[in-house]
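**Q** Kindly generate the corresponding structure for this input.
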Amino acid sequence: MVDTPTADTPREPDITHVNPAAGETWFGHPRQLARLFSTEAMERFGYYGMRALLTLYLAQHFLFSDTTTTGIYGGFTALVYLTPLIGGLMADRFLGSKRSVKFGAILMSLGYLTLCLGGGEAARPFATIDGQRYEVTVQGTGSARQQFVRDGRQQLLIKGNDDKTVSLLAADGKEVRKIAAGGFEAGGERAPMTVFLLLIGLALVTIGNGFFKPNISTMVGALYAQGDRRRDAGFTIFYMGINLGSLFSQILCPLLAVGMGSWGGLGWWAGFALAAVGMMISWLLIQFDGGKLDGIGDRPVDAPTNRDVFIYAGAILMIPVVWFLFTNLMNYVPPAAGSGIVGYFLGLPVMGKIMFGTFLISVPGILGWSYVKGSREEFQMMLAAMVLITFNTVFWTLFEQAGSSLTLFADRNTDLSVFGWFSISAGQTQFFNALFIVLLAPVFSILWNAMARRGVEPTIPIKFGVALVSVGLGFLFLVWGSHFAGADYKVGLWWLAGLYLIHSMAELCISPVGLSMITKLSIARIVGLMMGVWFLSIAVAQYVAGIVAQFASVETVGGQVTNLKVSLETYVGVFTTISEIAIVLGIILLVLSWPLKKWMHGVK
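**A** Model (predicted):
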């Protein structure tokens, strides 16, 4: 869940003789860190609170199919990682970090408010049976929820069967009609304006994040002089704000939206409203800083001052562009079987073409340039960086199932009861990752330092390999737990919590070294470009994560699955495949760790 700071290079001057207590400090750090910590914590409160709701909101309020739901989610999170490349560039060249953060905070606040106010009436479910449309009514809540089709004067209960056929049952339980597999298609009738506002809200959040996310971190870095050994510790404190903000929001936003236990919540609008409040507090903290941030993140000295309006206007004009990308993603139809790799690529949505095309061109292109322009040692270091970037993409593709397929699994095939005392909602299960990161990050920091003192700290490739194997073991743990599912085809909550525990430990093996690794292995002339490729790889991973989640798609009616046994079997099959791929690739990377260590030429 965390991004990580860039470590100081060994060539920076040692200024550890500076007395931190000589000026006004906050836990031994510049006092401005407290303001930036709070600003980031509230921004992440809004973002992760919204993200905890998004998948369920798409599936249950808009009644999108699993394929559409996970596709939109993957496309949204991909753009969240891609837009900071542009927002960072605008800040570096024109606006400065502080103005960019303020502008981004305003756009994100408007995005959450749009999601809050624009949901409107929930989509009306219907079913198409052998080409004929039937209205669907939904009765009851939770485990007692049932769906009926109206056939004339009869209300027939929809019952999914293990062979994927669908039975329509009369009030006495007798089967009136049996529909062959593939003959029953669920759908939802949605008001076009609500879908429009949904996508506009997501576009505002995406563009605002591009201005906010990279530049708040830049402001933290500006608090420390070159060589100040407090910098890494300062970033550690700062990024703890990310996890604290996300921890509380992933509990509170779903609580307001869908409730907990017997309480049904206030509605989706309330969850998004709380996310908007968090984001507006973030804006207030940096807009009215009482002079605490004077001189931090100001406009570059040589930057023109007459471009601001054009940049702001350009960002606003990007909203319909992002809306188009989401719309194009929603209307995507997979190519026919046998189309081949070329046919598959040509048939991708525009966003897919941009993601894959840029990545597939940039990686070999940069390596080719490094081979021609760099020394043998520099080329080998760049080659090692690209190998690790590629495996990093695989890791985040599998790890980021948390917000899509794992959230839907929690909603459908997980007993969300906590020791029988109360039940949490499916969206709240995402808080496990933030909780474990907060608890385990200090432990891992102590562990790595202790191993480093003994000269046995694992190399970066080994940490990456362990992370990949661990993410596979997390899915395998959940698959094992599925064998203990109850008669209702639901696994205990603690099996899902165990997956998140293992995944959090995997994250701590890979996340804290990524950006630092890039700065150390890259040729100095293109380190900025390599940082761009790093974030591009994560954006590609988010997009592919949505594609992977689509393989776990389950037939739903009115936002509910018709057969929990089929649902469980589908998820178990996909999670088993994911675990096998992750473990095999992790082992391959562990085997490659020796030549990679040699190519890294002493970089640790």
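**Q** measure residue 38 to residue 284 for me?
**A** Residue 38 sits 10 Å away from residue 284 when distances are taken as Cβ to Cβ, to the nearest Å. The way it works is simple: take the backbone N, C-alpha and C, and place the C-beta from them, glycine included.
**Q** how about the strands in the stretch 351-500 of the chain?
**A** Applying DSSP state E, counting those that start in this stretch to the stretch 351-500 of the chain gives strands spanning 414-415, 417-418, 422-423, 491-492.
**Q** Reformat those strands as TSV; add distance to residue 72.
**A** Formatted as TSV, these follow (distance: least, Cβ to Cβ, whole Å):
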stretch	distance to residue 72
strand 414-415	23
strand 417-418	30
strand 422-423	27
strand 491-492	27
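**Q** Looking at those, which one is packed in the most?
**A** Neighbour counts (mean count of other Cβ atoms under 10 Å) averaged over each of those peak at strand 414-415, with a mean of 23.
**Q** which helices and strands sit right next to that strand?
**A** With contacts taken as 3 or more Cβ pairs under 8 Å, 6 or more residues apart in numbering; DSSP states H and E, strand 414-415 sits against strand 491-492, helix 493-510.
**Q** C-terminal to the longest one, which secondary structure element comes first?
**A** So that's helix 493-510. Moving toward the C-terminus from helix 493-510, the next helix or strand (DSSP states H and E) is helix 514-521.
**Q** now that following helix: how far from the chain's centre is it?
**A** Helix 514-521 sits 22 Å away from the centroid of its parent chain (Cα atoms, centre = their mean, to the nearest Å).
**Q** same deal with stretch 383-394?
**A** 19 Å.
**Q** With stretch 262-273 instead?
**A** 22 Å.
**Q** Just the mean pLDDT for that stretch, thanks.
**A** Averaged across stretch 262-273, the pLDDT comes to 90.
**Q** Over to stretch 480-496?
**A** 95.
**Q** With stretch 575-595 instead?
**A** Computed over stretch 575-595, the average pLDDT equals 96.
**Q** Quick check: buried residues in stretch 508-515?
**A** Under the neighbour-count criterion of 16 or more other Cβ atoms under 10 Å, stretch 508-515 has 508-515 buried.
**Q** Between the residues you listed, which sits nearest residue 163?
**A** residue 510 (41.9 Å; Cβ to Cβ).
**Q** Might one say that that closest one is in contact with residue 461?
**A** No. Assessed by Cβ atoms under 8 Å, residue 510 is found out of contact with residue 461, at 10.7 Å.
**Q** Now list whatever residues contact both of the two.
**A** Here residue 510 and residue 461 have no joint contacts, going by Cβ atoms under 8 Å, 6 or more residues apart in numbering.
**Q** I'd like to know how many residues surround residue 352.
**A** Using other Cβ atoms under 10 Å, residue 352 is surrounded by 25 other residues.
**Q** Check the closest residue to residue 556 other than its chain neighbours and give its pLDDT.
**A** Sequence neighbours aside, residue 186 is the residue nearest to residue 556 in space, at 5.9 Å (criterion: Cβ to Cβ, 6 or more residues apart in numbering). Listed pLDDT for residue 186 reads 85.
**Q** Mind listing what's buried along the one helix or strand residue 186 maps to?
**A** Using DSSP H and E, residue 186 sits in strand 184-189. Residues of strand 184-189 classed as buried by neighbour count (16+ other Cβ under 10 Å): 184-188.
**Q** Can you give me the distance of residue 302 to residue 260?
**A** 54 Å.
**Q** Between those two, which is the more surrounded one?
**A** Between residue 302 and residue 260, residue 260 has the larger neighbour count (other Cβ under 10 Å), namely 18 against 6.
**Q** Quick check, that one in contact with residue 423.
**A** Yes. With contacts counted by Cβ under 8 Å, residue 260 reaches residue 423, the gap being 6.6 Å.
**Q** And the next helix or strand past the strand holding residue 186?
**A** Heading C-terminal from strand 184-189 (DSSP H and E), you reach helix 192-221.
**Q** what's the angle between that following helix and helix 514-521?
**A** 50 degrees (axes from the mean of the first three to the mean of the last three Cα atoms, to 10 degrees).
**Q** Figure out how far helix 192-221 is from the centre of its chain.
**A** 14 Å.
**Q** How about stretch 300-311?
**A** Centroid separation between stretch 300-311 and its chain, computed with Cα atoms, centre = their mean, is 32 Å.
**Q** CA atoms only: put that stretch into CSV for me.
**A** Below are the C-alpha coordinates for stretch 300-311, written out as CSV (Å, rounded to 0.1, in the frame of the first residue of the first chain):
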residue,chain,number,x,y,z
PRO,A,300,10.8,27.1,-9.6
VAL,A,301,12.7,30.4,-9.7
ASP,A,302,13.1,30.3,-13.5
ALA,A,303,9.5,29.1,-14.2
PRO,A,304,7.2,31.4,-16.2
THR,A,305,4.3,32.8,-14.1
ASN,A,306,1.8,33.2,-16.9
ARG,A,307,1.2,29.6,-17.7
ASP,A,308,-0.9,28.7,-14.6
VAL,A,309,-4.3,29.4,-16.2
PHE,A,310,-3.4,27.3,-19.3
ILE,A,311,-2.3,24.4,-17.1
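**Q** pretty sure residue 77 contacts residue 545?
**A** Yes. Taking contacts as Cβ under 8 Å, residue 77 lies within contact range of residue 545: 7.4 Å.
**Q** shared neighbours of these two, anything?
**A** Common neighbours of residue 77 and residue 545 (Cβ under 8 Å, 6+ apart) are residue 400.
**Q** still on that earlier bit, wait, which of the strands of the stretch 351-500 of the chain is closest to residue 519?
**A** Closest approach to residue 519 among the strands of the stretch 351-500 of the chain (Cβ to Cβ): strand 414-415, 40.5 Å.
**Q** related to what we said a few turns ago, ok, of the buried residues of stretch 508-515, which one's closest to residue 102?
**A** Among those, residue 515 lies closest to residue 102 (Cβ to Cβ), at 24.3 Å.
**Q** Measure how buried the nearest residue to residue 388 once chain neighbours are set aside is and give me the count.
**A** Leaving out its chain neighbours, the residue that sits closest to residue 388 by Cβ to Cβ, 6+ apart is residue 464, at 5.8 Å. With neighbours defined by other Cβ under 10 Å, the count for residue 464 comes to 29.
**Q** now residue 363
**A** Counted with other Cβ under 10 Å, the neighbours of residue 363 add up to 17.
**Q** ok, it - contacts?
**A** 386, 389-390, 533.
**Q** change it to 6 Å
**A** Residues in contact with residue 363, defined by Cβ atoms under 6 Å, 6 or more residues apart in numbering, are residue 386.
**Q** Against residue 578, how distant is it?
**A** Taking Cβ to Cβ, one finds residue 363 at 24 Å from residue 578.
**Q** same question, residue 236
**A** 31 Å.
**Q** More neighbours: which of the two?
**A** Comparing residue 236 with residue 578 by other Cβ under 10 Å, the one with more neighbours is residue 578, at 23 against 16.
**Q** Surely that one forms part of a strand?
**A** No. Residue 578 is assigned helix when assessed by DSSP: H, G, I helix; E, B strand; the rest coil, not a strand.
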